[in-house]
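Colleague: Turn this into a structure:
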Amino acid sequence: MYQVLYRKYRPKSFSDVYGQDHVISTLKNEIKEDRISHAYLFTGSRGTGKTTCAKILAKAVNCENSADGEPCNACEVCRGLDGGTIYDVVEIDAASNNGVDNIRDLREEANYTPTRGRYRVYIIDEVHMLSTGAFNALLKTLEEPPAHVIFILATTEVHKLPATILSRCQRFDFKRIQPETMAVRLKEVASLEGMTLADDAATLIARIADGALRDGLSILDQCSSRNKNIDSQLVSQVAGLAGREVLHKLTNCVNNKNSSAAMEIIAELYQNSYDMERLCVEMINHFRNFLIVKTVKKSRELIVCTDDEYNSILEGAKQFTLENIILGLDLFQNTLTKIKAGANSRIEMEMSFIKLCEPKLDSSNEAVLERLSQVERAVRNGAAVQIASPVSATASSAAQMKNEQEIRNTQDNVSSPAFNTASDDTPFKRTEPEKEEKRQDSPAPKAADPIPQPEPPFVPDEPAQQTAPIAQPVQQGVSEFEHWAEFLDIIHKTDIALFGVLSGAGAHLDSGRFVIDSTNPTIKQFIQIPTHLKAIKQAVLEVTGQPYKIAVSKPKSQQQQKRDLLEDLINRAQNNVEINFE
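Modeller: Model (predicted):
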């Protein structure tokens, strides 16, 4: 009869155990020094070696020729325990033997001395499944068992054990096996079985197994049934994965707002029997990789993948902002919860990608904040807007109707996430007759009138220079402050009153100064207050990474004044301004 790989290659000595060096070294030292405890508690996730180490420990304490804390696996006791002919080691499944009567029987049997070895060892697997009464019946025996009895408790949910049980055991926490360590073991087993396992395939199996070596060996076993030459593509097919190329295609669809292409890819995956729940988990991990790349300096150490795949992740992360990534993670996490609750997995995944490709359909707070961030970035960067020659007063009614339709389209586009508007310094394109060109918010100076010059910046943290000009007027070479939205986000969290005063303002950088452009007359008095000034300096430092002196300047004219985006668009529409977006 064929024996599966995880049973065939189950470790028979401590040296064969991978990824649990902190546990193995302690147990071997206790055996060598004959300081064996009466009760042990092994806890950790599935497939990390809890039961395996319990069996090895049971052999080691009974071995006749134990060396360096290891069982010899050659003496009569070791061979009898492996073959099941010696009954001094008793394995109990607490999931099916969880009653008080079962524990009472165990207590009675514990009084009998071992038949062949030195100790009678009881391995209670999934001990958290015992009932309250069973735990109470076990307490006294567990605390003061006969000298020839050792208890080894194993569980994946240690939080369910009573504190009275925990205090009576030596606890050992088994860690998830690192993907690099698991890949080494997988290649070793594949070599022994005559398989050819590619490095990227071993890494992929280790990532899918999620720290459980038993799961990794099971996947390797499945792959070997298909082909002895195992590559990453075969692993993806056996495990029901979408593949890294498909994940990058889907994220490109999200970045390009192409919901149609995303729906076609999902339909193709569904026709090929790919599990939609698995696809959702993969998208979560994919966006998590983007998040790590965006936020961690040494991101390579936290992402399990090949070098080529890591480079692809770096390129993909450049297409997304941090807000986009967090929005995607939240959306797919909620989708996974709905799928597990019984919702139609395909429909939920389709809805998720449509929401990501069409943000206006998502009314969540995260989606609204992301759309606002996009509008702010568009305003900060500016879009090219051109002036056209005025239309004569006798323009046809058809041209007027076209102009009105374009104005309505401009108003409708306010809610679009990809909306870009013109910068404040760019002239507007006019399509109305000259007699209606007057605007109250930005009057054009007469030819004879001198062009007004900006006032010198006001610097609150340099009192000696407040009464005299301390900075030159803003020139064309002055750099625009490109992180105003992030700056306001920090101010909103640290100083809400200051946030209200800065609403509608802007800023630029000038010779080591952070100059605030605002027409609010109270801004100068406000930033003279130490708490507000400190909040501004701290926010600028967090955004730019450099300290700046704070100053306030008045814009050249009312036309250059920073205004609210929506109000600006409404004013332009009301004045029959046609805006071209690029």
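
Colleague: Please look at L322 and V293 and confirm they touch.
Modeller: No: using C-beta atoms under 8 Å, L322 is not in contact with V293, being 10.5 Å away. Where you see a C-beta, it was placed from the backbone N, CA and C, and this is true even at glycine.

Colleague: Please say which of the two ends up with more neighbours.
Modeller: Set side by side, L322 and V293 show more neighbours around V293, with 21 against 15, by other C-beta atoms under 10 Å.

Colleague: Which elements pack onto the helix or strand containing that one?
Modeller: Assigned by DSSP states H and E, V293 belongs to helix 276-295. The helices and strands touching helix 276-295, judged by 3 or more C-beta pairs under 8 Å, 6 or more residues apart in numbering; DSSP states H and E, are helix 244-255, helix 259-271, helix 307-318, helix 322-340, helix 345-357.

Colleague: and the last one, what does it pack onto?
Modeller: Secondary-structure packing of helix 345-357 (3+ C-beta pairs under 8 Å, 6+ apart): helix 244-255, helix 259-271, helix 276-295, helix 322-340.

Colleague: mind checking which of the ones you listed is nearest S352?
Modeller: Of all those, it is helix 322-340 that lies closest to S352, at 4.7 Å by C-beta to C-beta.

Colleague: so can I have CSV of the helices and strands packed on helix 276-295 showing distance to H38 and mean pLDDT?
Modeller: Below are those laid out as CSV (distance: least, C-beta to C-beta, whole Å; pLDDT from 0 to 100):
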stretch, distance to H38, mean pLDDT
helix 244-255, 51, 88
helix 259-271, 54, 89
helix 307-318, 49, 86
helix 322-340, 42, 90
helix 345-357, 49, 89
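
Colleague: I'd like to know which of those helices lies nearest to G500.
Modeller: Closest approach to G500 among the helices and strands packed on helix 276-295 (C-beta to C-beta): helix 322-340, 23.0 Å.

Colleague: quick one: the helices in the stretch 101-250 of the chain?
Modeller: Secondary structure of the stretch 101-250 of the chain, counting by DSSP state H, counting those that start in this stretch: helices at 132-143, 163-166, 179-192, 199-209, 213-226, 232-239, 244-255.

Colleague: measure the residue positioned nearest the centre of the chain to I313 for me?
Modeller: The chain has R288 as the residue nearest its centroid, 3.3 Å off, counting by C-alpha atoms, centre = their mean. For R288, the distance to I313 equals 10 Å [C-beta to C-beta, to the nearest Å].

Colleague: Distance of A341 relative to P179?
Modeller: On the measure of C-beta to C-beta, A341 and P179 end up 30 Å apart.

Colleague: higher neighbour count, those two?
Modeller: Comparing A341 with P179 by other C-beta under 10 Å, the one with more neighbours is P179, at 21 against 8.

Colleague: Apart from its chain neighbours, what residue comes closest to that one?
Modeller: A206 (3.8 Å; C-beta to C-beta, 6 or more residues apart in numbering).

Colleague: go on, M276?
Modeller: Nearest to M276 is S345, by C-beta to C-beta, 6+ apart, at 3.6 Å.

Colleague: who are the neighbours in contact with the one you found?
Modeller: When contacts are counted by C-beta atoms under 8 Å, 6 or more residues apart in numbering, S345 touches D275, M276, E277, C280, I339.

Colleague: repeat that for 7 Å
Modeller: By C-beta atoms under 7 Å, 6 or more residues apart in numbering, the residues touching S345 are M276, E277, I339.

Colleague: Repeat that for C223.
Modeller: Each residue near C223 by C-beta under 7 Å, 6+ apart is listed here: I230, L234, V235, V238.

Colleague: One more: A505?
Modeller: Applying C-beta under 7 Å, 6+ apart, we find A505 in contact with I516, D517, S518, N520, K562.

Colleague: got a pLDDT number for the nearest residue to it once chain neighbours are set aside?
Modeller: Excluding the flanking residues, the one nearest A505 by C-beta to C-beta, 6+ apart is S518, at 3.7 Å. S518 is assigned a pLDDT of 82 by the prediction.

Colleague: number of nearby residues for S518?
Modeller: Look at S518: counted by other C-beta under 10 Å, it has 22 neighbours.

Colleague: again with R46
Modeller: Neighbours of R46 under the rule other C-beta under 10 Å: 13.

Colleague: Give me the three-state assignment for it.
Modeller: Counting by DSSP: H, G, I helix; E, B strand; the rest coil, the backbone at R46 sits in coil.
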